[in-house]
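Novice: Provided below for reference: sequence and predicted model.
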Amino acid sequence: MLRIGMVGFGNIAQAHLAAYHTLEKEGKDIKLVALCDIDPSKYLSRSQAGSPGYIPDGESGSIEGIHCYDHMDKMADNEELDMVDICVPTYRHAECAIHMLERGYHVLSEKPMARTYGDCLKMIDAAKKNNRYLMIGQCVRFYPEFRYMKQAIDDGRFGKVLSARFERIFGGATKAKGGNKTWFADYNLSGGGMLDLHIHDIDLTRYLFGNPTAVCSTGIGFNTKFDCVDSKLMYADGKVVSAAADWSLCKGISFTATARVACEEATMIYSGGKLTVYQRDGSIIDDIAPRDGITSEIDYLTDIIAKGEPNRLNPPESAAETVRLVEMLARSAEDGGARLDFPEKMF
Ligand SMILES: NC(=O)c1ccc[n+]([C@@H]2O[C@H](COP(=O)([O-])OP(=O)(O)OC[C@H]3O[C@@H](n4cnc5c(N)ncnc54)[C@H](O)[C@@H]3O)[C@@H](O)[C@H]2O)c1
(Lines give C-alpha, C1' and ligand atoms only; values in the text may rest on other atoms or scores of the structure.)
Protein backbone atom coordinates (compact mmCIF):
# COMPACT_ATOMS: atom_id res chain seq x y z
CA MET A 1 0.00 0.00 0.00
CA LEU A 2 1.40 3.36 -1.07
CA ARG A 3 0.44 6.04 1.46
CA ILE A 4 0.07 9.55 0.08
CA GLY A 5 -0.12 13.06 1.55
CA MET A 6 -1.26 16.10 -0.42
CA VAL A 7 0.37 19.53 -0.02
CA GLY A 8 -1.97 22.41 -0.95
CA PHE A 9 -5.76 22.05 -1.06
CA GLY A 10 -6.87 24.73 -3.51
CA ASN A 11 -8.51 24.36 -6.92
CA ILE A 12 -6.50 21.66 -8.66
CA ALA A 13 -6.21 19.63 -5.46
CA GLN A 14 -9.96 18.93 -5.79
CA ALA A 15 -9.28 17.13 -9.09
CA HIS A 16 -6.46 15.18 -7.40
CA LEU A 17 -8.80 14.28 -4.51
CA ALA A 18 -11.37 12.98 -7.00
CA ALA A 19 -8.63 11.01 -8.79
CA TYR A 20 -7.58 9.30 -5.53
CA HIS A 21 -11.22 8.44 -4.81
CA THR A 22 -11.55 6.90 -8.29
CA LEU A 23 -8.34 4.89 -8.05
CA GLU A 24 -9.07 3.68 -4.51
CA LYS A 25 -12.57 2.62 -5.63
CA GLU A 26 -11.02 0.75 -8.56
CA GLY A 27 -9.04 -1.22 -5.98
CA LYS A 28 -5.61 0.30 -6.55
CA ASP A 29 -3.23 -0.33 -3.68
CA ILE A 30 -2.83 3.33 -2.71
CA LYS A 31 -4.40 5.58 -0.09
CA LEU A 32 -4.60 9.34 0.31
CA VAL A 33 -4.14 9.52 4.09
CA ALA A 34 -3.46 13.20 4.76
CA LEU A 35 -3.76 16.75 3.43
CA CYS A 36 -2.13 19.99 4.39
CA ASP A 37 -2.76 23.61 3.45
CA ILE A 38 -1.29 26.71 5.07
CA ASP A 39 -4.78 28.21 4.70
CA PRO A 40 -6.96 25.81 6.72
CA SER A 41 -10.13 27.61 5.60
CA LYS A 42 -9.65 25.64 2.35
CA TYR A 43 -10.69 22.39 4.01
CA LEU A 44 -12.59 23.84 6.94
CA SER A 45 -15.39 24.76 4.55
CA ARG A 46 -15.43 21.23 3.14
CA SER A 47 -15.37 19.60 6.57
CA GLN A 48 -18.22 21.81 7.81
CA ALA A 49 -20.26 20.90 4.74
CA GLY A 50 -19.42 17.22 4.70
CA SER A 51 -17.73 15.70 7.69
CA PRO A 52 -17.25 17.74 10.84
CA GLY A 53 -14.39 16.87 13.15
CA TYR A 54 -11.59 18.91 11.61
CA ILE A 55 -9.39 20.47 14.29
CA PRO A 56 -7.20 23.26 12.88
CA ASP A 57 -3.90 22.05 14.31
CA GLY A 58 -4.19 18.79 12.42
CA GLU A 59 -3.66 15.43 14.10
CA SER A 60 -7.22 14.45 14.91
CA GLY A 61 -8.95 16.53 12.23
CA SER A 62 -10.12 14.85 9.05
CA ILE A 63 -12.15 15.16 5.86
CA GLU A 64 -13.68 11.90 4.71
CA GLY A 65 -11.18 10.08 6.96
CA ILE A 66 -8.21 11.98 5.52
CA HIS A 67 -6.18 13.76 8.22
CA CYS A 68 -5.76 17.52 7.76
CA TYR A 69 -2.78 19.67 8.76
CA ASP A 70 -1.79 23.28 8.36
CA HIS A 71 1.87 22.61 7.53
CA MET A 72 3.62 19.98 5.43
CA ASP A 73 6.13 19.22 8.20
CA LYS A 74 3.34 18.58 10.72
CA MET A 75 1.79 16.22 8.20
CA ALA A 76 5.11 14.48 7.59
CA ASP A 77 5.90 14.24 11.33
CA ASN A 78 2.55 12.64 12.14
CA GLU A 79 1.90 10.37 9.19
CA GLU A 80 3.66 7.42 7.61
CA LEU A 81 3.86 8.53 4.00
CA ASP A 82 5.53 7.11 0.91
CA MET A 83 4.66 9.89 -1.55
CA VAL A 84 3.51 13.49 -1.47
CA ASP A 85 1.40 15.17 -4.11
CA ILE A 86 2.20 18.89 -4.36
CA CYS A 87 -0.62 21.20 -5.49
CA VAL A 88 0.68 24.58 -4.27
CA PRO A 89 1.12 27.74 -6.40
CA THR A 90 3.78 27.57 -9.12
CA TYR A 91 6.33 29.79 -7.34
CA ARG A 92 6.37 27.33 -4.41
CA HIS A 93 6.72 24.09 -6.40
CA ALA A 94 10.51 23.96 -6.15
CA GLU A 95 10.79 24.74 -2.42
CA CYS A 96 8.03 22.27 -1.43
CA ALA A 97 9.22 19.50 -3.76
CA ILE A 98 12.87 19.80 -2.71
CA HIS A 99 11.90 19.83 0.98
CA MET A 100 9.75 16.73 0.63
CA LEU A 101 12.37 14.90 -1.48
CA GLU A 102 14.93 15.69 1.21
CA ARG A 103 12.58 14.25 3.81
CA GLY A 104 12.66 11.02 1.81
CA TYR A 105 9.33 11.00 -0.05
CA HIS A 106 8.56 10.31 -3.68
CA VAL A 107 7.01 13.47 -5.17
CA LEU A 108 4.32 14.24 -7.70
CA SER A 109 4.30 18.01 -8.26
CA GLU A 110 1.89 20.02 -10.37
CA LYS A 111 2.86 21.69 -13.63
CA PRO A 112 4.64 23.92 -14.51
CA MET A 113 7.62 22.16 -12.94
CA ALA A 114 8.82 25.46 -11.41
CA ARG A 115 8.71 29.18 -12.05
CA THR A 116 12.21 29.05 -13.60
CA TYR A 117 14.31 26.49 -15.41
CA GLY A 118 17.06 27.01 -12.80
CA ASP A 119 14.65 25.82 -10.08
CA CYS A 120 13.72 22.79 -12.21
CA LEU A 121 17.38 21.73 -12.23
CA LYS A 122 17.53 22.01 -8.42
CA MET A 123 14.46 19.75 -8.14
CA ILE A 124 16.07 17.12 -10.38
CA ASP A 125 19.23 17.31 -8.31
CA ALA A 126 17.26 16.77 -5.07
CA ALA A 127 15.44 13.75 -6.55
CA LYS A 128 18.76 12.21 -7.66
CA LYS A 129 20.58 12.88 -4.38
CA ASN A 130 17.74 11.35 -2.36
CA ASN A 131 17.07 8.53 -4.83
CA ARG A 132 13.35 9.32 -4.98
CA TYR A 133 10.87 9.50 -7.86
CA LEU A 134 9.95 13.01 -8.96
CA MET A 135 7.22 13.43 -11.55
CA ILE A 136 5.59 16.62 -12.78
CA GLY A 137 1.85 16.77 -13.43
CA GLN A 138 2.04 17.43 -17.16
CA CYS A 139 -1.28 15.65 -17.27
CA VAL A 140 -1.97 16.09 -21.00
CA ARG A 141 0.61 13.39 -21.78
CA PHE A 142 -1.58 10.94 -19.88
CA TYR A 143 -4.87 11.47 -21.70
CA PRO A 144 -5.56 8.32 -23.78
CA GLU A 145 -6.34 10.55 -26.80
CA PHE A 146 -2.83 12.04 -26.80
CA ARG A 147 -1.20 8.70 -26.05
CA TYR A 148 -3.01 7.39 -29.14
CA MET A 149 -1.67 10.34 -31.18
CA LYS A 150 1.84 9.69 -29.88
CA GLN A 151 1.72 5.98 -30.79
CA ALA A 152 0.30 6.74 -34.25
CA ILE A 153 3.03 9.30 -34.91
CA ASP A 154 5.79 7.01 -33.61
CA ASP A 155 4.72 3.94 -35.59
CA GLY A 156 3.94 5.99 -38.69
CA ARG A 157 0.59 4.26 -39.36
CA PHE A 158 -0.80 7.44 -40.95
CA GLY A 159 2.40 8.48 -42.72
CA LYS A 160 4.50 11.44 -41.73
CA VAL A 161 3.19 14.51 -39.90
CA LEU A 162 2.63 17.53 -42.16
CA SER A 163 1.21 20.06 -39.73
CA ALA A 164 -0.15 20.46 -36.21
CA ARG A 165 -2.05 23.16 -34.36
CA PHE A 166 -2.91 23.32 -30.67
CA GLU A 167 -5.08 25.82 -28.86
CA ARG A 168 -6.11 26.33 -25.25
CA ILE A 169 -8.43 29.09 -24.04
CA PHE A 170 -9.65 29.92 -20.60
CA GLY A 171 -11.32 32.83 -18.82
CA GLY A 172 -8.59 32.34 -16.22
CA ALA A 173 -7.26 35.86 -15.93
CA THR A 174 -10.71 37.15 -15.02
CA LYS A 175 -10.37 35.46 -11.65
CA ALA A 176 -7.57 37.89 -10.97
CA LYS A 177 -9.65 40.94 -11.90
CA GLY A 178 -12.25 42.94 -10.03
CA GLY A 179 -10.50 43.21 -6.67
CA ASN A 180 -10.17 39.45 -6.35
CA LYS A 181 -6.52 39.25 -7.35
CA THR A 182 -4.77 35.97 -6.77
CA TRP A 183 -1.15 34.92 -7.26
CA PHE A 184 -2.08 34.00 -10.86
CA ALA A 185 -2.24 37.74 -11.66
CA ASP A 186 1.43 38.24 -10.78
CA TYR A 187 3.74 37.29 -13.67
CA ASN A 188 6.66 36.78 -11.29
CA LEU A 189 4.66 34.19 -9.36
CA SER A 190 2.67 32.40 -12.06
CA GLY A 191 4.47 33.15 -15.34
CA GLY A 192 1.11 34.34 -16.76
CA GLY A 193 -0.80 32.54 -19.49
CA MET A 194 2.53 31.76 -21.18
CA LEU A 195 3.80 29.49 -18.40
CA ASP A 196 0.54 28.48 -16.74
CA LEU A 197 -1.66 27.61 -19.74
CA HIS A 198 0.48 27.53 -22.91
CA ILE A 199 2.88 25.09 -21.24
CA HIS A 200 0.38 22.25 -21.64
CA ASP A 201 0.56 22.45 -25.44
CA ILE A 202 4.27 23.20 -25.51
CA ASP A 203 4.84 20.05 -23.45
CA LEU A 204 2.48 18.20 -25.79
CA THR A 205 4.43 19.28 -28.89
CA ARG A 206 7.65 18.04 -27.25
CA TYR A 207 5.95 14.77 -26.23
CA LEU A 208 4.64 14.18 -29.77
CA PHE A 209 7.46 15.57 -31.92
CA GLY A 210 10.52 16.09 -29.70
CA ASN A 211 12.37 19.38 -29.41
CA PRO A 212 12.04 21.98 -32.18
CA THR A 213 15.19 23.40 -33.71
CA ALA A 214 13.93 27.00 -33.47
CA VAL A 215 10.93 28.90 -32.14
CA CYS A 216 9.22 32.26 -32.23
CA SER A 217 6.32 33.64 -30.26
CA THR A 218 4.23 36.74 -29.95
CA GLY A 219 2.38 37.66 -26.79
CA ILE A 220 0.41 40.40 -25.16
CA GLY A 221 -0.53 41.03 -21.55
CA PHE A 222 -3.84 41.66 -19.83
CA ASN A 223 -3.18 41.03 -16.14
CA THR A 224 0.33 39.68 -16.51
CA LYS A 225 3.04 40.14 -19.09
CA PHE A 226 1.83 37.46 -21.52
CA ASP A 227 -1.75 36.27 -21.30
CA CYS A 228 -2.49 35.84 -25.03
CA VAL A 229 0.27 34.00 -26.91
CA ASP A 230 0.86 32.41 -30.27
CA SER A 231 3.97 30.33 -30.87
CA LYS A 232 5.55 28.72 -33.89
CA LEU A 233 7.83 25.72 -33.53
CA MET A 234 10.26 24.87 -36.32
CA TYR A 235 11.41 21.28 -37.00
CA ALA A 236 14.20 19.93 -39.15
CA ASP A 237 11.77 17.96 -41.36
CA GLY A 238 9.74 21.11 -42.14
CA LYS A 239 6.41 20.16 -40.53
CA VAL A 240 4.33 23.22 -39.68
CA VAL A 241 3.58 23.37 -35.95
CA SER A 242 1.99 26.13 -33.93
CA ALA A 243 0.21 26.59 -30.61
CA ALA A 244 -1.83 29.37 -29.05
CA ALA A 245 -3.23 30.13 -25.62
CA ASP A 246 -5.47 32.86 -24.32
CA TRP A 247 -6.01 33.55 -20.66
CA SER A 248 -7.69 36.93 -21.14
CA LEU A 249 -11.16 35.79 -22.07
CA CYS A 250 -14.30 36.98 -20.35
CA LYS A 251 -16.18 35.28 -17.58
CA GLY A 252 -18.57 32.62 -18.86
CA ILE A 253 -16.14 31.28 -21.46
CA SER A 254 -15.14 27.93 -20.15
CA PHE A 255 -11.88 26.12 -20.62
CA THR A 256 -11.44 24.68 -24.13
CA ALA A 257 -8.56 22.68 -25.57
CA THR A 258 -8.28 21.68 -29.22
CA ALA A 259 -5.59 19.90 -31.20
CA ARG A 260 -5.18 19.00 -34.86
CA VAL A 261 -2.42 16.79 -36.23
CA ALA A 262 -2.46 16.35 -40.01
CA CYS A 263 -0.59 13.33 -41.38
CA GLU A 264 -0.27 12.12 -44.97
CA GLU A 265 -3.01 9.50 -44.54
CA ALA A 266 -5.14 10.85 -41.70
CA THR A 267 -6.10 13.97 -39.77
CA MET A 268 -6.41 13.60 -36.00
CA ILE A 269 -8.66 16.15 -34.33
CA TYR A 270 -9.13 16.52 -30.58
CA SER A 271 -12.11 18.67 -29.71
CA GLY A 272 -14.71 18.71 -26.94
CA GLY A 273 -12.67 16.13 -25.03
CA LYS A 274 -12.87 13.60 -27.86
CA LEU A 275 -10.40 12.41 -30.50
CA THR A 276 -11.62 11.72 -34.04
CA VAL A 277 -9.32 10.38 -36.75
CA TYR A 278 -10.41 11.16 -40.30
CA GLN A 279 -8.65 8.84 -42.73
CA ARG A 280 -7.80 9.63 -46.35
CA ASP A 281 -10.18 6.85 -47.56
CA GLY A 282 -13.12 8.53 -45.77
CA SER A 283 -13.31 6.16 -42.82
CA ILE A 284 -13.32 7.46 -39.25
CA ILE A 285 -11.84 6.16 -35.99
CA ASP A 286 -13.57 7.60 -32.92
CA ASP A 287 -13.60 4.80 -30.36
CA ILE A 288 -10.69 5.91 -28.16
CA ALA A 289 -12.04 5.64 -24.61
CA PRO A 290 -11.46 8.84 -22.65
CA ARG A 291 -9.93 9.00 -19.16
CA ASP A 292 -9.02 11.97 -17.02
CA GLY A 293 -5.32 12.89 -17.26
CA ILE A 294 -4.79 13.51 -13.55
CA THR A 295 -6.25 10.11 -12.62
CA SER A 296 -4.07 8.50 -15.30
CA GLU A 297 -0.89 10.30 -14.19
CA ILE A 298 -1.37 9.26 -10.54
CA ASP A 299 -2.15 5.71 -11.69
CA TYR A 300 1.06 5.65 -13.75
CA LEU A 301 3.37 7.14 -11.12
CA THR A 302 2.13 4.96 -8.27
CA ASP A 303 2.50 1.91 -10.56
CA ILE A 304 6.12 2.60 -11.47
CA ILE A 305 6.96 3.39 -7.82
CA ALA A 306 5.42 0.07 -6.70
CA LYS A 307 7.25 -1.86 -9.45
CA GLY A 308 10.50 0.11 -9.20
CA GLU A 309 10.35 0.88 -12.93
CA PRO A 310 11.87 3.91 -14.67
CA ASN A 311 9.65 6.83 -15.62
CA ARG A 312 9.63 6.60 -19.42
CA LEU A 313 6.46 8.58 -20.06
CA ASN A 314 7.17 11.79 -18.21
CA PRO A 315 10.63 12.05 -16.63
CA PRO A 316 11.40 15.28 -14.73
CA GLU A 317 14.21 16.06 -17.17
CA SER A 318 11.60 16.34 -19.91
CA ALA A 319 9.32 18.58 -17.82
CA ALA A 320 12.34 20.81 -17.18
CA GLU A 321 13.05 20.96 -20.93
CA THR A 322 9.49 22.16 -21.44
CA VAL A 323 10.03 25.00 -18.97
CA ARG A 324 13.28 25.86 -20.78
CA LEU A 325 11.37 26.00 -24.07
CA VAL A 326 8.62 28.20 -22.57
CA GLU A 327 11.30 30.56 -21.23
CA MET A 328 12.66 30.81 -24.77
CA LEU A 329 9.19 31.57 -26.13
CA ALA A 330 8.86 34.35 -23.55
CA ARG A 331 12.22 35.77 -24.68
CA SER A 332 11.04 35.69 -28.29
CA ALA A 333 7.79 37.46 -27.35
CA GLU A 334 9.77 40.09 -25.44
CA ASP A 335 11.74 40.61 -28.63
CA GLY A 336 8.61 41.14 -30.76
CA GLY A 337 8.47 37.57 -32.09
CA ALA A 338 12.15 37.04 -32.91
CA ARG A 339 13.16 33.65 -34.26
CA LEU A 340 15.44 31.95 -31.73
CA ASP A 341 17.39 28.72 -32.15
CA PHE A 342 16.54 26.15 -29.51
CA PRO A 343 19.87 24.63 -28.51
CA GLU A 344 20.17 20.86 -28.11
CA LYS A 345 18.62 19.49 -24.96
CA MET A 346 20.76 19.25 -21.87
CA PHE A 347 19.79 15.71 -20.82
N1 LIG B 1 -2.71 20.08 -14.28
C2 LIG B 1 -3.54 21.05 -14.57
O3 LIG B 1 -4.23 21.03 -15.58
C4 LIG B 1 -3.64 22.23 -13.64
C5 LIG B 1 -4.83 22.96 -13.58
C6 LIG B 1 -4.90 24.02 -12.67
C7 LIG B 1 -3.80 24.37 -11.91
N8 LIG B 1 -2.62 23.67 -12.04
C9 LIG B 1 -1.44 24.05 -11.28
O10 LIG B 1 -1.63 23.70 -9.91
C11 LIG B 1 -0.99 24.65 -9.08
C12 LIG B 1 -2.00 25.16 -8.06
O13 LIG B 1 -3.05 25.83 -8.74
P14 LIG B 1 -4.47 26.08 -8.02
O15 LIG B 1 -5.37 26.64 -9.03
O16 LIG B 1 -4.88 24.87 -7.27
O17 LIG B 1 -4.04 27.23 -7.00
P18 LIG B 1 -4.80 27.66 -5.66
O19 LIG B 1 -4.27 28.99 -5.29
O20 LIG B 1 -6.27 27.45 -5.83
O21 LIG B 1 -4.33 26.56 -4.59
C22 LIG B 1 -3.04 26.51 -4.04
C23 LIG B 1 -3.20 26.11 -2.56
O24 LIG B 1 -1.90 25.89 -2.01
C25 LIG B 1 -1.90 26.40 -0.68
N26 LIG B 1 -0.49 26.61 -0.27
C27 LIG B 1 0.36 27.61 -0.64
N28 LIG B 1 1.58 27.41 -0.10
C29 LIG B 1 1.51 26.26 0.62
C30 LIG B 1 2.45 25.54 1.41
N31 LIG B 1 3.72 25.94 1.54
N32 LIG B 1 2.03 24.41 2.03
C33 LIG B 1 0.75 23.98 1.91
N34 LIG B 1 -0.20 24.64 1.17
C35 LIG B 1 0.19 25.75 0.52
C36 LIG B 1 -2.75 27.66 -0.76
O37 LIG B 1 -3.22 28.06 0.50
C38 LIG B 1 -3.85 27.20 -1.71
O39 LIG B 1 -4.95 26.65 -1.02
C40 LIG B 1 -0.44 25.74 -9.99
O41 LIG B 1 0.93 25.55 -10.19
C42 LIG B 1 -1.19 25.54 -11.29
O43 LIG B 1 -0.45 25.91 -12.43
C44 LIG B 1 -2.56 22.60 -12.86
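Specialist: Looks like it came in fine.

Novice: For the residue in the chain positioned nearest to the ligand, the count of nearby residues, please.
Specialist: Nearest residue of the chain to the ligand: Gly10, at 1.8 Å (C-beta to the nearest ligand atom). Every C-beta, even on glycine, is put in place using the N, C-alpha and C of the backbone. Neighbourhood size, Gly10 [other C-beta atoms under 10 Å]: 14.

Novice: helix/strand/coil for the residue nearest to it when sequence neighbours are not counted?
Specialist: Leaving out its chain neighbours, the residue that sits closest to Gly10 by C-beta to C-beta, 6 or more residues apart in numbering is Lys42, at 6.2 Å. Following DSSP: H, G, I helix; E, B strand; the rest coil, we place Lys42 in the helix state.

Novice: correct me, but Lys42 touches Phe9?
Specialist: Yes. Using C-beta atoms under 8 Å, Lys42 makes contact with Phe9 at a distance of 4.5 Å.

Novice: Comparing the two, which residue is more hemmed in?
Specialist: Between Lys42 and Phe9, counting by other C-beta under 10 Å, Phe9 is the more crowded of the two (25 against 19).

Novice: ok, what's across the strand from Tyr69?
Specialist: Legend: beta-bridge partners of Tyr69 under DSSP bridges are Cys36.

Novice: pLDDT score for the nearest residue to Thr256 once chain neighbours are set aside?
Specialist: The shortest distance from Thr256 to any non-neighbouring residue, by C-beta to C-beta, 6+ apart, is to Ile169 (5.1 Å). At Ile169, the pLDDT value in this model is 95.

Novice: and if you look at Phe222?
Specialist: Phe222 is assigned a pLDDT of 88 by the prediction.

Novice: before we move on, the earlier item: and the residue of the chain closest to the ligand, what does it touch?
Specialist: Asp37, Lys42, Cys87, Val88, Pro89 (C-beta atoms under 8 Å, 6 or more residues apart in numbering).

Novice: Tally up the residues packed near the residue nearest to the fourth one when sequence neighbours are not counted, please.
Specialist: To tie it back to what came earlier, the one meant is Val88. Ranked by C-beta to C-beta, 6+ apart and with sequence neighbours excluded, the top spatial neighbour of Val88 is Gly8, at 3.7 Å. Around Gly8 there are 25 other residues, counting by other C-beta under 10 Å.

Novice: what does Arg312 give?
Specialist: Close neighbours of Arg312, defined as other C-beta under 10 Å, add up to 9.
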